[in-house]
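A.B. asks: Okay, predicted coordinates and the sequence, questions at the end:
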Amino acid sequence: MKKKNKKVNAAILIIGNEILSGRTKDKNIPFLANWLNLKCGISVEEVRVIPDVEKTIIENIKIMSKKFNYVFTTGGIGPTHDDITALSIAKAFRLKYAYHQEAYTILENYYGKKNFNDGRKKMAKTPVGAKLIYNPSSAAPGFMTKNVLSLPGVPSILNSMIENCKRYLVKGLKVHSKTINLSTVESNISAGLSSIQKKFRKSVDIGSYPFFRLGKIGVSVVSRSTSKKKLSIVQKEIFKLAILKKIKVVKFKSN
């Protein structure tokens, strides 16, 4: 991983008709968001799910690659007719689309010359100049084009490849979080939380999330920041608010 930067962000672009149709449930978004934040200090700030349509992929790649430090795409890099991610990214960046010699060699050795058919050869095609993301599970590599990292849609394969993305990423500061579960409703603490958030708007993000567990209603107040010191100060402010409102603290959790 490259030298650490103060704030680094990313977006995730899920490509696949099977996700939009509901036939396949996406598991890659939570995995990628968690890995990027905890392992790389990179905040995921946007997620999009789009169909296997060339024009749509091109438009989204153009917009998102300019808006974020990194864009992670999943899906559409396999051997079938609807796997058009690599070609679409090439067109988005006005690059040629051709066989990546190292990818070709990897796949030819994996399948053997006799079984290395046209569909499998297709998985060796990338935008010219792309860097490979090695695949320890099924050989077919992902690739990085400019600031766009393209990974397969199959969760188990993506998970096995993710550590091989680190070499291309600039690490950001880790975002720490603390959670306080309060036995109350959101409307009872909304004004107080708004006041705290206003005081620390530049350094801490505060979110409130209602829950219903074991017959009890409550609110999880989650604070996130790259500064442990500011996070601790905010936690004290929230505890003061709970005491002022005579609200029971159900549970305290930090990570």
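C.D. replies: Structure's in. What do you need? Residues are numbered from 1 along each chain as shown.
A.B. asks: what about stretch 65-74, start to end distance?
C.D. replies: 15 Å (CA to CA, to the nearest Å).
A.B. asks: What residues of that stretch count as buried?
C.D. replies: 65, 68-74 (16 or more other CB atoms under 10 Å). In short, each C-beta sits where N, CA and C put it, glycine included.
A.B. asks: Contacts for that stretch, please.
C.D. replies: For stretch 65-74, the external contacting residues (CB atoms under 8 Å, 6 or more residues apart in numbering) are 8-16, 28, 32, 36, 42, 45-46, 61, 64, 85, 89, 92-93, 146-153, 158, 169-170.
A.B. asks: So which residues of the stretch 1-150 of the chain form strands?
C.D. replies: Using DSSP state E, counting those that start in this stretch, the strands of the stretch 1-150 of the chain run over 8-15, 42-50, 70-74, 97-99, 125-127, 131-135, 139-145, 148-151.
A.B. asks: Which strands border the third one, and is each parallel or antiparallel?
C.D. replies: It refers to strand 70-74. Its sheet considered, strand 70-74 pairs with strand 8-15 (parallel), strand 148-151 (parallel) by DSSP bridges.
A.B. asks: Out of those, flag the one nearest Leu214.
C.D. replies: Across these, Leu214 has its closest neighbour in strand 8-15 (33.4 Å, CB to CB).
A.B. asks: pLDDT of the longest helix belonging to the chain, averaged?
C.D. replies: The longest helix of the chain (DSSP state H) is helix 228-244. In this model, helix 228-244 has a mean pLDDT of 95.
A.B. asks: Centre of the chain to it, how far?
C.D. replies: When distances are taken as CA atoms, centre = their mean, to the nearest Å, helix 228-244 is centred 29 Å away from the chain's centroid.
A.B. asks: what helices or strands is it leaning on?
C.D. replies: Judged by 3 or more CB pairs under 8 Å, 6 or more residues apart in numbering; DSSP states H and E, the packing partners of helix 228-244 are strand 176-182, helix 186-199, strand 216-225.
A.B. asks: Kindly present these as CSV, with separate columns for distance to Met123, mean neighbour count and mean pLDDT.
C.D. replies: Listed next are these as CSV, based on distance: least, CB to CB, whole Å; neighbours: other CB atoms under 10 Å; pLDDT from 0 to 100:
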stretch, distance to Met123, mean neighbour count, mean pLDDT
strand 176-182, 38, 19, 92
helix 186-199, 47, 14, 96
strand 216-225, 38, 19, 93
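A.B. asks: now these in TSV, with distance to Lys114?
C.D. replies: Converted to TSV, the helices and strands packed on helix 228-244 look like this (distance: least, CB to CB, whole Å):
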stretch	distance to Lys114
strand 176-182	53
helix 186-199	63
strand 216-225	54
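A.B. asks: And those: which comes nearest Val128?
C.D. replies: strand 216-225 (39.7 Å).
A.B. asks: quick one on the thing from earlier: what angle sits between the longest helix of the chain and helix 186-199?
C.D. replies: Angle, helix 228-244 to helix 186-199, by axes from the mean of the first three to the mean of the last three CA atoms, to 10 degrees: 140 degrees.
A.B. asks: quick one: the nearest residue to Ser177 once chain neighbours are set aside from Lys67, how far?
C.D. replies: Leaving aside its chain neighbours, Ser177 sits nearest to Arg224 (4.6 Å; criterion: CB to CB, 6 or more residues apart in numbering). Distance, Arg224 to Lys67, by CB to CB, to the nearest Å: 21 Å.
A.B. asks: go on, Thr73?
C.D. replies: Thr73 is 14 Å from Lys67, by CB to CB.
A.B. asks: Repeat that for Ala10.
C.D. replies: 10 Å.
A.B. asks: again, but for Lys125
C.D. replies: The gap separating Lys125 from Lys67 is 27 Å, by CB to CB.
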